[in-house]
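> Curious how this folds, go ahead:
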Amino acid sequence: MEKKRDSTGRWAPEKNQVTYKRFRRQMIQRSPAASTPVAPWRQCETNFEFDPVCQRLELDSPPRNHEPAERVVQGNLQASSFDGGTSYCEAVTPSITPHTGAENAPEQGWVWRAAAQEQQAASDERGRGLQPFDVLNKAAVILQGKSVTPLGAPSLLNDYYTNLLDCSCNGVIALALGSSVYLWNSETRALVGHLDPSPQPGQPYREAQSISCLCWSRDGRALCVGTRRGGIQLWDVEHQQNLTCLPSHLSVVGAISWKQQLLSSGSVLGHIHHLDPRAPTPLVGAAVQKEGICSLQWSPGDDWLASGSTEGLLHIWDGDITGIKRSHQPITTMKQPSAVKAMGWCPWQRKVIATGGGWKDGQLRIWDTQSGSCVSSVNTNSQICSLRWAESKRYVMTGHGLPHHQVTCWSWDCPSLSLIYQLSGHSHRVLHLTINRDNTQIFSAGADQRFLIWDL
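This next block holds a predicted model:
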């Protein structure tokens, strides 16, 4: 049916046609609340914490898809009051029980795969020949007078802000590759097995538990693993049992450190949680800093806790960890021009700590935490990605990015830092370093997906 024009020449509406004015009037009459402003999203979701640390240092970390913080965390979420009536939404106090696949678990647990089972499983999942810790060259290579053995580290995440490598006091290497943690005995040079997230119904395998950090306990019996979803997995490696799953944070767990039987973790939202895995309510203390945490370490005597931030601040906290204290302040704060990711306490000098600067800085610094002053520094002209002390040799080891991707050994005789030697074997930046207990071997993992063993 053709439309007709009215006396003014305009198109006349059809019999069943509704004009916009009429439609708007009808909607307002039917739904008076439609004209009421909608409450802001932060009022609607009181448990959601917006991540203020969404901008990474571009030169220190490659661009990647940023995972949003979890809006809903399974488990018991306790809101504790602070001065001024502010609630601490990250304080989580779940009950600890050995992992048995119970419905109360915050995330699905992990499963143990023996070395023989792992080889076939890894081959089926990846469909590639190179497996973790496969020897790339049968004979050790001599570089700069040092023997080095290159091994494969496929799927190693190229992220400056991760901490994915550690060596236990028993010489067992833990290396996170993708969503799994592989355990390798450095003395027997054999793969022990690996820890793997158990499949969840309706989810692709290994989707939800990407690893951001890990750390061995001081006795080498327990391995703690932090994920990008804010969870913490505690694993008894000796008995091959998953002890517990703790939904500790609502954001990425940036770093983990042990204080005897207590566990401290830091998130990219700047929250520090102190956990006692033996207690029914594991959260025994907490503190907050404004910047995101990318490194965390207790001093050798457990007197102080150092936290490095993405904004270049190094905070030193006292050993009092009891209670949830939003107003708790560090006793000392030091600043450098780039993120404090490479950091480590000196094992033989109390109150002395070393930090490495990123690409914008490149300085290796030795700090006196009592006075807050820098006592020694040297310009490496390179991004420092990782740092470890070798106590018996009185060395400090640094792993570098551009331009040479080397491992550098320094001798520190206060106040001077002296270059001992440089080890070049990686083709991309050396993201992670660790060292065995007797300081005879250095282990490095790089963005080239190679794991190198340096015999000193």
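> what about the helices in this structure?
Ranges of helices in the chain, per DSSP state H, are 20-30, 41-44, 115-126.
> need the least confident one among these, by mean pLDDT.
Note on the helices of the chain: helix 41-44 shows the lowest mean pLDDT, a mean of 32.
> Arg278 - how many residues pack around it?
10 (other CB atoms under 10 Å). For every residue, glycine as well, the C-beta is placed using N, CA and C.
> Could you find the closest non-adjacent residue to it?
The shortest distance from Arg278 to any non-neighbouring residue, by CB to CB, 6 or more residues apart in numbering, is to Gln261 (6.6 Å).
> got the contact list for that neighbour?
By CB atoms under 8 Å, 6 or more residues apart in numbering, the contact set of Gln261 is 276-278.
> Tell me the spacing between it and Leu234.
Distance, Gln261 to Leu234, by CB to CB, to the nearest Å: 11 Å.
> what's the overlap in contacts for those two?
In contact with both Gln261 and Leu234: Pro277, using CB under 8 Å, 6+ apart.
> residue ranges with poor pLDDT in the stretch 51-200 of the chain?
Low-confidence segments of the stretch 51-200 of the chain (pLDDT under 70): 51-110, 116-129, 138-140, 143-145, 198-200.
> If we use 90, what do you get?
Residue ranges of the stretch 51-200 of the chain with pLDDT under 90: 51-130, 136-148, 178-179, 193-200.
> What is the neighbour count of Ile142?
By other CB under 10 Å, neighbour count at Ile142 equals 10.
> can you pull the contacts of it?
Going by CB under 8 Å, 6+ apart, Ile142 touches Val148.
> swap in Gly401?
Contacts for Gly401 (CB under 8 Å, 6+ apart) come out as 359, 382-385, 428-430.
> Mark which of those residues are buried, thanks.
When those are checked for burial by 16 or more other CB atoms under 10 Å, the buried set is 359, 382-385, 429-430.
> can you name the two of those residues that are farthest apart?
Greatest spatial distance among the buried ones among the contacts of Gly401 (CB to CB): Trp359 and Val430, at 13.6 Å.
> list the contacts for Arg113?
Residues in contact with Arg113 (CB under 8 Å, 6+ apart) are 121, 193-196.
> Now the two most distant members of these.
Ala121 and Leu195 (12.5 Å).
> Tell me which of the two has more neighbours.
Remark: of Ala121 and Leu195, Leu195 carries more neighbours, 25 against 14, as counted by other CB under 10 Å.
> That one and Val237, how far apart?
8 Å.
> repeat for Trp410
Here Trp410 is placed at a distance of 32 Å from Val237 (CB to CB).
> count of residues packed around the closest residue to Asp219 other than its chain neighbours?
Computed as CB to CB, 6+ apart, the closest residue to Asp219 that is not its neighbour in sequence is Cys169, at 6.9 Å. Cys169 has 13 neighbouring residues, counting by other CB under 10 Å.
> List the residues that contact Cys169.
Neighbours of Cys169 in contact, by CB under 8 Å, 6+ apart: 216, 218-220, 437.
> again, but for Gln240
By CB under 8 Å, 6+ apart, the neighbours of Gln240 are 112, 193.
> for Cys414, same thing?
Contact analysis of Cys414 by CB under 8 Å, 6+ apart lists 349, 366, 375-376.
> Same check on Leu456?
146, 393, 439-442.
> Over to Gln441?
186, 435, 453-456.
> Equivalent analysis for His274, please.
Neighbour list for His274: 259, 262-264, 283-286, 321 [criterion: CB under 8 Å, 6+ apart].
> can I get these in CSV with neighbour count?
What follows is the contacts of His274, written out as CSV (neighbours: other CB atoms under 10 Å):
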residue, neighbour count
Lys259, 16
Leu262, 19
Leu263, 24
Ser264, 24
Leu283, 21
Val284, 17
Gly285, 18
Ala286, 24
Ile321, 22
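> Pick the one among those closest to Ser424.
Of all the contacts of His274, Ser264 has the smallest distance to Ser424: 35.2 Å, by CB to CB.
> so how far is Leu433 from that closest one?
To Leu433, Ser264 is 21 Å away according to CB to CB.
> Same check on Ala306?
Remark: distance between Ala306 and Leu433 (CB to CB) = 17 Å.
> do the same with Asp196
25 Å.
> Ala447 contacts Asn158, correct?
Yes: contact criterion CB atoms under 8 Å: Ala447 and Asn158 qualify, at 4.2 Å.
> neighbour count winner among these two?
Taking other CB under 10 Å, Ala447 and Asn158 do not tie; Ala447 has more neighbours (22 against 15).
> circling back: now do the shared contacts for Ala447 and Asn158.
By CB under 8 Å, 6+ apart, Ala447 and Asn158 have these common neighbours: 428, 431.
> What's the end-to-end length of stretch 211-231?
End-to-end distance for stretch 211-231, by CA to CA, to the nearest Å: 10 Å.
> Quick one: mean pLDDT over that stretch.
Mean predicted lDDT for stretch 211-231 stands at 94.
> So, low pLDDT: which residues of the stretch 201-350 of the chain?
For the stretch 201-350 of the chain, the stretches flagged by pLDDT under 90 are 201-210, 229, 231, 233, 237-248, 250, 277-281, 320-329, 350.
> got a list of what Phe451 touches?
Contacts of Phe451 (CB under 8 Å, 6+ apart): 133, 150-153, 175, 443-445.
> go again using 7 Å as the cut-off
By CB atoms under 7 Å, 6 or more residues apart in numbering, the contact set of Phe451 is 133, 151-153, 175, 443, 445.
> Distance check, it against Tyr161.
Computed as CB to CB, the Phe451 to Tyr161 distance reads 20 Å.
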